[in-house]
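1. Here is a sequence with its predicted model. Questions after.
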Amino acid sequence: MSDARAYHEAELAIARSPNDPRRMLPPLPADAKRILDLGCGAGQSLIALGPPPNVFSVGIDLDRDGLALGATWTSDVRFVCGSGDSLPFADKSFDFVFSRVALPYMHLPTALGEIHRVLAPNGRVWLLLHGPRIVFSQLAAALRAGHARSAIFQSYAALNGVLYHFTGRLLRWPAGGGRYESFQTRRVIPRLRQAGFADVQVDTAHHFVVRARKA
Ligand SMILES: C[S@@+](CC[C@H](N)C(=O)[O-])C[C@H]1O[C@@H](n2cnc3c(N)ncnc32)[C@H](O)[C@@H]1O
């Protein structure tokens, strides 16, 4: 079995285990009839949440292999290959958009604008983000292991998190691939407000969870 497939299967097992402390899924709003999982991987979250059959569920990701695997697990989710930087959906297409640990790998200002665009008025968003501790612990691990390339990349992600905190801007990884990575802080609250969201709530007690509503 490939590493990627084993990873996706392990994530599905976590998503399906209510008592696993790593499991963190959004509560589905009862009135949401059109749901988007942005950066869905193989669709583990939507599969585990199991929205009612009258709910239109879409998962989008850049990873074609993950999407193809997800399509072998369920026919209840429409899998779409695409980027959070340019969502291939019409304005106001969804009542609820959630994203588990995918925005830290995107250009956040653009992705937040896209989420806002595809949400219906009063639509809700739920985001699981990366706090600074994750990036700095990965940097420390790379330094301890003497992995220079990984340490350089994690230094970039750490600097990008600091930049986003203070300016709301992000830099693309300069070595190519169009990659982004950063961490987030509570300053994401004014960033969401600037992007047109209201009722922004951040919970960092165990995981870094952001909830908001399209104003
Ligand atoms: C850490 S994984 C999380 C996957 C899934 N949300 C989960 O909870 O298991 C991050 C995901 O974000 C996806 N991703 C990264 N950048 C993306 C982009 N610009 N647009 C869409 N998906 C992206 C990756 O392909 C990957 O599947």
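-> All right, it came through fine.
2. Touching the helix of greatest length in the chain from outside, list them.
-> Of all the segments of type helix in the chain, defined by DSSP state H, the longest one is helix 148-167. Residues outside helix 148-167 that contact it (Cβ atoms under 8 Å, 6 or more residues apart in numbering): 108, 132, 135-136, 138-139, 142-143, 169-171, 173-174, 180-185, 187, 191. (Glycine included, C-beta is placed from N, CA and C.)
3. For it, which residues meet the burial criterion?
-> Ala151, Phe153, Gln154, Tyr156, Ala157, Ala158, Asn160, Gly161, Tyr164, His165 (16 or more other Cβ atoms under 10 Å).
4. domain assignment for this protein?
-> 2-131+184-214, 132-183 (automatic domain parsing).
5. where's the shortest one relative to the chain centroid, distance-wise?
-> The reference is to domain 132-183. 17 Å (Cα atoms, centre = their mean, to the nearest Å).
6. residue closest to the middle of the chain?
-> The centre of the chain sits closest to Ala102, judged by Cα atoms, centre = their mean, with a distance of 2.8 Å.
7. I figured it was touching Gly59, is that so?
-> No - using Cβ atoms under 8 Å, Ala102 is not in contact with Gly59; the gap is 10.7 Å.
8. Identify the contacts common to the two.
-> Cys40.
9. Flag every residue of this structure that's near the ligand.
-> 11, 39-41, 44-45, 61-63, 66, 83-85, 100-102, 105-106 (Cβ under 6 Å from any ligand atom).
10. Strands - which of the residues you listed land there?
-> Asp61, Arg100 (DSSP state E).
11. are any of the residues of the chain next to the ligand buried, and which?
-> Buried among the residues of the chain next to the ligand (16+ other Cβ under 10 Å): 11, 39-41, 44-45, 61, 63, 66, 83-85, 100-102, 105-106.
12. Stretch 71-83: how far from the chain's middle?
-> Here stretch 71-83 is found 16 Å from its chain centre; the criterion is Cα atoms, centre = their mean.
13. let me fix that: stretch 84-95
-> Distance, centroid of stretch 84-95 to centroid of chain: 15 Å (Cα atoms, centre = their mean).
14. List the contacts of stretch 80-97.
-> Under Cβ under 8 Å, 6+ apart, the answer for stretch 80-97 is 26, 28-29, 31-36, 38-39, 58-62, 64, 67, 99, 102-103, 106-107, 110-111, 114-115, 117-121, 123-126.
15. Quick check: mean pLDDT of that stretch?
-> For stretch 80-97, the mean pLDDT works out to 98.
16. List the buried residues for it?
-> For stretch 80-97, by 16+ other Cβ under 10 Å, it's Ser83, Gly84, Asp85, Leu87, Phe89, Ser93, Phe94, Asp95, Phe96, Val97.
17. now stretch 113-122
-> Buried, per 16+ other Cβ under 10 Å, within stretch 113-122: Gly113, Glu114, Ile115, His116, Arg117, Val118, Leu119, Ala120.
18. Using PDB, write out the CA atom coordinates for the longest helix of the chain.
-> Extracted in PDB, the C-alpha atoms of helix 148-167 (Å, rounded to 0.1, in the frame of the first residue of the first chain):
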ATOM      1  CA  ALA A 148      18.700  21.300   6.300                       C
ATOM      2  CA  ARG A 149      16.100  21.500   3.500                       C
ATOM      3  CA  SER A 150      13.200  20.900   5.800                       C
ATOM      4  CA  ALA A 151      14.700  23.500   8.300                       C
ATOM      5  CA  ILE A 152      14.900  26.100   5.600                       C
ATOM      6  CA  PHE A 153      11.300  25.400   4.500                       C
ATOM      7  CA  GLN A 154      10.000  25.500   8.100                       C
ATOM      8  CA  SER A 155      11.900  28.800   8.600                       C
ATOM      9  CA  TYR A 156      10.100  30.200   5.600                       C
ATOM     10  CA  ALA A 157       6.700  29.000   7.000                       C
ATOM     11  CA  ALA A 158       7.500  30.500  10.400                       C
ATOM     12  CA  LEU A 159       8.600  33.900   8.800                       C
ATOM     13  CA  ASN A 160       5.400  33.800   6.700                       C
ATOM     14  CA  GLY A 161       3.300  33.300   9.800                       C
ATOM     15  CA  VAL A 162       5.000  36.300  11.500                       C
ATOM     16  CA  LEU A 163       4.400  38.300   8.300                       C
ATOM     17  CA  TYR A 164       0.800  37.400   8.100                       C
ATOM     18  CA  HIS A 165       0.300  38.300  11.800                       C
ATOM     19  CA  PHE A 166       1.700  41.800  11.400                       C
ATOM     20  CA  THR A 167       0.700  42.700   7.800                       C
END
